[in-house]
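> the following block contains a protein sequence and its predicted model.
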Amino acid sequence: MKICASALALFATCAALTACAPELDWRTLTVPEGQFAVLLPGKARQETRTLTTAAGELTMTMHACSVKQGTMGVAYTEFPASVLAAEQVSVHLDAARDALVRNIRGSVRLEEDIRIEGLPGRQVYAEGEAGAHTALLKARFLVSGNRLYQIAYVGAKDDLSMADIDMFLTSFRLLR
């Protein structure tokens, strides 16, 4: 009976994946130094950026994958230990959200506080501009210890199914 239940679960997972865009090459990206794993629809590239923040200059590391429909990526930033204290989490989530929404010259359409693996987070849906097209931003932000994670999809609206976007966003897992 246990084997039958496992086979049924595997079949259900395969059926869900085939319902998504067939041209996407889903693979697990595990980043031990970032302490996370996530599903991406292709090979990720890594880049780092220096951010000027109220806490000083910080390094953001991003792992992203671009496909014809848009870009999916996970970025994380290490903050000084005292900066991401519980009473400051909302301020930093707001700042991360605002920066991404500004990138598409957009506005937030839907926002909700969420918990990811028991930790405080936020999910945002925004629309803006990408050249002559309407851009879609769907992102999750999470604070774990002194690290702020941004898990985001940015692309032309309606170019990728919400099922694919949600599969990416909800696949994010912390490595502990």
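Cool, the structure landed.
> and the strand or helix carrying residue 61, which strands flank it?
In this structure, residue 61 sits in strand 56-67 according to DSSP states H and E. Strand pairing for strand 56-67, using DSSP bridges, gives strand 45-53 (antiparallel), strand 70-78 (antiparallel).
> could you point out which element follows the last one?
Which is strand 70-78. helix 89-103.
> that next one to strand 70-78, inter-axis angle?
Between the axes of helix 89-103 and strand 70-78, defined by axes from the mean of the first three to the mean of the last three Cα atoms, to 10 degrees, the angle is 140 degrees.
> show me which residues of helix 89-103 are buried.
For helix 89-103, burial by neighbour count (16 or more other Cβ atoms under 10 Å) applies to 89, 92-93, 96-97, 100-101. C-beta coordinates here come from the backbone N, C-alpha and C atoms, glycine included.
> again with stretch 133-142
So for stretch 133-142, counting by 16+ other Cβ under 10 Å, buried means 135-142.
> and the contacts of it?
70, 93, 96-97, 100-101, 103-104, 106, 114, 116, 119-129, 148-158, 162, 165-166, 169, 172 (Cβ atoms under 8 Å, 6 or more residues apart in numbering).
> let me know the closest of the buried residues of stretch 133-142 to residue 176.
Proximity of those to residue 176 (Cβ to Cβ) peaks at residue 142, which lies at 13.2 Å.
> what helix or strand does the residue positioned nearest the centre of the chain sit in?
Nearest residue to the geometric centre of the chain (Cα atoms, centre = their mean): residue 151, 1.4 Å. Following DSSP H and E, one finds residue 151 within strand 147-156.
> direction included, what does that strand pair up with?
With DSSP bridges as the test, strand 147-156 is paired with strand 70-78 (antiparallel), strand 133-144 (antiparallel).
> want to throw those strands into CSV with distance to residue 58 and mean pLDDT?
Formatted as CSV, these follow (distance: least, Cβ to Cβ, whole Å; pLDDT from 0 to 100):
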stretch, distance to residue 58, mean pLDDT
strand 70-78, 5, 95
strand 133-144, 14, 92
